[in-house]
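*Asks:* give me the fold of what follows.
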Amino acid sequence: MTYTPKSSPPPPGPGLPVLPAVPAQTAPPARPPENTPARSTPPAAPRRTAFAEGLDQLRAAATTEPGRLRIIGALLALLVIAFGAVTAWQMTDRAAAADDVLTRSQPLSSDAADIYRSLADANTAASSGFLAGGQESAATRDRYERDIRTAAEKLVNAAANAEPGSPSTATIAELNRLLPEYKGLVERARTYNRQGFPVGGAYLRYANEKMQKEMLPAAEDLYKKENQRLGADYASATPYPWAAIALGVAALAALAWAQHRNYRRTNRVLNHGLVAATATATVVLLWLVVGHTVARAGLDDSYDHGVRSLNVLHDARIASLKARGNENLTLVARGAETKKVGKETYDAYDYDFGRDIKALAAQLAAAEKLADDSSGERPVTAAVGNMTEWKKRHAAAREQDEHGNYQQALDRVIGSKDATGECFDSVDENLRTALAHEETEFKRAAGDGRDALTGIPAGAAVLAVLGAAGSVLGIGRRLSEYR
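*Replies:* Have a look, this model is predicted:
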């Protein structure tokens, strides 16, 4: 078998051009059909948030016993801390309100009542001095000056303790404006009266009108506002701290559950850390409940047997001062002022005297019912007897005045013997004694209530931190067994 080589193309002959080699043609790339969306790289999955990743880790940890123990320990510590924090917060508010009751709102309420009493008593002293004419005694003059000075001092104190921009501030400013005007009218009345000019009586009646229609209503409004402030402080101090109590019960229930779980899994009766946490939570809860109950009882007692009695006695004293002022003005006016009630016409000041005496009788009856011991009841009973005698002497004085015996009527009102002024002074003195006794009772009861809350906020915070540490250490002891 012979090998025959492949023949190659003959070389081009002479005269024939040599053609260049044509490269092999490749098919053009297929164009995608129109309206066909271009292919794109699929988007990467969104990055997960740290919270989601943490939640997954927490879920994974919860499938193991060490992970569950860590979660239980954190929740126990958080619950105990929350219990202590809420207890400290609520009891701080209540302790502050109880302190305000004792040191701010009730004293300011008493100051407001003293402002009213001082103004009314100054008006009474001014009318008594006017009736005495040139024989005005130094005691009457000193009493008037002392009342004006007391009212001014109490107004300064009230202004210093009032909230800026509050209605009380506006009332105090109004009284500070009216007080010098009233003093000026009284001084004019006194000056003309000593010179024997009848116009002095007109000035005194004008001064009394300013006192009765502008100053005393403003002072009464201030008294009511301060009493409302006192009531608000009581309302803040006495409610039970239910949020703290609920958290305390929840913390104890959670600690009990954790110890029971520990016992079931390890057969160990006690875990020292959890027992310590339970003990601290129990102490805080008992301290909270017992301390607030004692404080509430003290504050309630201070209100029922202190504030209520003080309010009634203040009202009684004010009614007696009004009655005395109107009794004096009956003689000053000499029938110049009348009041028509129905078909009857009365002397205006004598009619108001009768109304004030009825108010005094009602307040004294209420004060006798509220008195809870002989020391408080005795001066009120004496004041009732003085009021009864006062009414008798007043009737006798009015009888003399209506028969034209003006000097005899005057002697029965401002005289040195068997006059109505003696009865008024006795009523006022007995009411002052009763007020001092009830003030002492209030301070004792309110002080006991405030003192029962002392230390609870700080103690609850410290014990809560110790309880949380005990929870963490107790759970940590169990976790150490897995290492």
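*Asks:* what ranges do the strands span in the stretch 51-200 of the chain?
*Replies:* For the stretch 51-200 of the chain, strands defined by DSSP state E, counting those that start in this stretch do not occur.
*Asks:* quick one: low-confidence ranges for it?
*Replies:* Residues of the stretch 51-200 of the chain that meet the criterion pLDDT under 70 lie in 54, 58, 61-63, 133-136.
*Asks:* how about the helices in it?
*Replies:* 65-100, 106-132, 138-161, 167-194, 199-210 (DSSP state H, counting those that start in this stretch).
*Asks:* contacts for the last one?
*Replies:* When contacts are defined by C-beta atoms under 8 Å, 6 or more residues apart in numbering, helix 199-210 is touched by residues 123, 126-127, 130, 178, 181-182, 185-186, 188-194, 325, 329, 332-334, 336-337. Using the backbone N, CA and C atoms, a C-beta is placed for each residue, glycine as well.
*Asks:* let's see 10 Å
*Replies:* Contact with helix 199-210 is made by 123-124, 126-127, 129-131, 133, 178, 181-194, 197, 215-216, 325-326, 328-329, 332-334, 336-337, 349, as judged by C-beta atoms under 10 Å, 6 or more residues apart in numbering.
*Asks:* can you give me the offset of that helix from its chain's centre?
*Replies:* 41 Å (C-alpha atoms, centre = their mean, to the nearest Å).
*Asks:* same deal with stretch 75-93?
*Replies:* Offset of stretch 75-93 from its chain centre (C-alpha atoms, centre = their mean): 23 Å.
*Asks:* then stretch 378-394?
*Replies:* For stretch 378-394 - counting by C-alpha atoms, centre = their mean - the centre lies 38 Å from the chain centre.
*Asks:* quick one, helices of the stretch 351-483 of the chain?
*Replies:* Taking DSSP H, counting those that start in this stretch, the helices of the stretch 351-483 of the chain run over residues 374-402, 406-414, 420-452, 456-479.
*Asks:* got CSV for the ones you listed, with distance to residue 167, mean neighbour count and mean pLDDT too?
*Replies:* Listed next are these as CSV, based on distance: least, C-beta to C-beta, whole Å; neighbours: other C-beta atoms under 10 Å; pLDDT from 0 to 100:
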stretch, distance to residue 167, mean neighbour count, mean pLDDT
helix 374-402, 33, 18, 91
helix 406-414, 39, 18, 86
helix 420-452, 25, 20, 92
helix 456-479, 32, 21, 87
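*Asks:* for residue 85, find the nearest of the ones you listed.
*Replies:* helix 456-479 (6.9 Å; C-beta to C-beta).
*Asks:* if you count contacts, what does that closest one end up packed against?
*Replies:* helix 65-100, helix 242-266, helix 272-302 (3 or more C-beta pairs under 10 Å, 6 or more residues apart in numbering; DSSP states H and E).
*Asks:* need those in JSON lines (columns: mean neighbour count and distance to residue 387).
*Replies:* Output for the helices and strands packed on helix 456-479, formatted as JSON lines (neighbours: other C-beta atoms under 10 Å; distance: least, C-beta to C-beta, whole Å):
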{"stretch": "helix 65-100", "mean neighbour count": "20", "distance to residue 387": "36"}
{"stretch": "helix 242-266", "mean neighbour count": "16", "distance to residue 387": "48"}
{"stretch": "helix 272-302", "mean neighbour count": "20", "distance to residue 387": "28"}
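*Asks:* which of the contacts of helix 199-210 are buried, as a ChimeraX select command?
*Replies:* Paste this into ChimeraX to select the buried members of the contacts of helix 199-210, with burial taken from 16 or more other C-beta atoms under 10 Å:
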select :123,124,126,127,129,130,131,178,182,183,185,186,188,189,190,192,193,215,216,325,326,328,329,332,333,337,349
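*Asks:* adding distance to residue 256, write the helices of the stretch 51-200 of the chain out as a markdown table.
*Replies:* Below are the helices of the stretch 51-200 of the chain laid out as a markdown table (distance: least, C-beta to C-beta, whole Å):
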| stretch | distance to residue 256 |
| --- | --- |
| helix 65-100 | 11 |
| helix 106-132 | 44 |
| helix 138-161 | 49 |
| helix 167-194 | 52 |
| helix 199-210 | 71 |
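*Asks:* between the ones you listed, which one is closest to residue 259.
*Replies:* helix 65-100 (10.3 Å).
*Asks:* returning to that earlier point: now distance to residue 444 too, for the helices and strands packed on helix 456-479, in TSV please.
*Replies:* Below are the helices and strands packed on helix 456-479 laid out as TSV (distance: least, C-beta to C-beta, whole Å):
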stretch	distance to residue 444
helix 65-100	14
helix 242-266	28
helix 272-302	8
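*Asks:* residue 140 is nearest to which of these?
*Replies:* Nearest of those to residue 140, taken as C-beta to C-beta: helix 272-302 at 37.5 Å.
*Asks:* pLDDT at residue 8, what is it?
*Replies:* Among the per-residue scores, residue 8 shows a pLDDT of 49.
*Asks:* apologies, that question was intended for residue 28.
*Replies:* Residue 28 is given a pLDDT of 54.
*Asks:* and residue 340, that one's in a strand?
*Replies:* Yes. Under DSSP: H, G, I helix; E, B strand; the rest coil, residue 340 sits within a strand.
*Asks:* OK, contacts around it?
*Replies:* By C-beta under 10 Å, 6+ apart, the neighbours of residue 340 are 346, 348, 351.
*Asks:* if we can go back for a sec, now the helices of the stretch 351-483 of the chain as JSON lines including distance to residue 137?
*Replies:* Converted to JSON lines, the helices of the stretch 351-483 of the chain look like this (distance: least, C-beta to C-beta, whole Å):
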{"stretch": "helix 374-402", "distance to residue 137": "19"}
{"stretch": "helix 406-414", "distance to residue 137": "9"}
{"stretch": "helix 420-452", "distance to residue 137": "11"}
{"stretch": "helix 456-479", "distance to residue 137": "57"}
